[in-house]
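Chemist: predicted model and sequence follow; I will ask about them next.
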Amino acid sequence: MNKEGWEVKKLSQIGTIVTGNTPKTSIVENYESDDICFVKPGDIIADGISLIKSTENYISEYARTQARVLPKGSILATCIGIVGKIAILEKEAATNQQINSIIPKKDTNSKFISYALYGARNTFNHIANAPVVPIINKTQFSSIEIPIPLLTIQNQIVAELDELNNILDKKRKQLEELDTLAQATFYDMFGDPVLND
């Protein structure tokens, strides 16, 4: 693809950077109802890009003023512990402090940024090079650079990558089904290997 018109930008130039926080657990009202998704690293898959529309934990509407609630389309990246897990919000949510987020400007496709960050996981690991707990702070995260084309090109790239991911997902499912079939065939022919001499 022709790289003319592409521009290398820091994440801070692509949108507003937000580090999550946790509303006080000592205030019961913060957690008395499941009004707002509260994203933690465990809600984000390690291999691929998560689309977040529900979470294991929630906060109440009462906690909104204490949390940093992000709009739909925000891009999340884990930056403490396991770094470089990427997600996109499909509805508004808040995150804990292990996650940095980008609220993208209007001239960017959230999925394109997510794919670019997912492809830059080695950069995450390099920046977070720590012997005990890998950490990327907000300043370091904001300074990560990725190449950005015009929005029309971003949309084309996302369409192609989505199609490739759909093909890969189908292939993975086929392999899982074949593996199940192979195990079933083995049991039919030889019985349970633990019980059958």
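Modeler: In hand now; what should we look at?
Chemist: please name the residues that touch the closest residue in space to Ser33 that isn't next to it in sequence.
Modeler: Excluding its sequence neighbours, the residue lying closest to Ser33 (CB to CB, 6 or more residues apart in numbering) is Ser60, at 4.4 Å. For every residue, glycine as well, the C-beta is placed using N, CA and C. By CB atoms under 8 Å, 6 or more residues apart in numbering, Ser60 lies in contact with 29-36.
Chemist: give me the buried subset of the residues you listed.
Modeler: 30-31, 36 (16 or more other CB atoms under 10 Å).
Chemist: pull out the buried positions in the longest helix seen in the chain.
Modeler: Taking DSSP state H as the criterion, the chain has its longest helix at helix 151-190. By neighbour count on 16+ other CB under 10 Å, the buried set for helix 151-190 is 153-154, 157-158, 161.
Chemist: before we move on, what about stretch 120-128?
Modeler: Neighbour-count burial for stretch 120-128 [16+ other CB under 10 Å]: 120, 123-124, 127-128.
Chemist: name the helices or strands packed onto the lowest-mean-pLDDT helix or strand in the chain?
Modeler: Least confident helix or strand, the chain: helix 151-190 with a mean of 81, by mean pLDDT, DSSP states H and E. Where contact means 3 or more CB pairs under 8 Å, 6 or more residues apart in numbering; DSSP states H and E, helix 151-190 is packed against helix 110-119.
Chemist: tell me the angle the helix it packs on makes with helix 151-190.
Modeler: Counting by axes from the mean of the first three to the mean of the last three CA atoms, to 10 degrees, helix 110-119 lies at 60 degrees to helix 151-190.
Chemist: just checking, what packs against helix 110-119?
Modeler: Using 3+ CB pairs under 8 Å, 6+ apart: helix 110-119 touches strand 49-52, strand 75-78, strand 86-89, strand 99-104, strand 145-148, helix 151-190.
Chemist: circling back to that earlier point, which of the buried residues of stretch 120-128 sit farthest apart?
Modeler: Greatest spacing in these, by CB to CB: Ala120 and Ala128 (12.3 Å).
Chemist: list the contacts of the residue lying closest to Thr22 once chain neighbours are set aside.
Modeler: Excluding the flanking residues, the one nearest Thr22 by CB to CB, 6+ apart is Asn96, at 5.1 Å. Applying CB under 8 Å, 6+ apart to Asn96 gives the contacts 20-22, 38-41.
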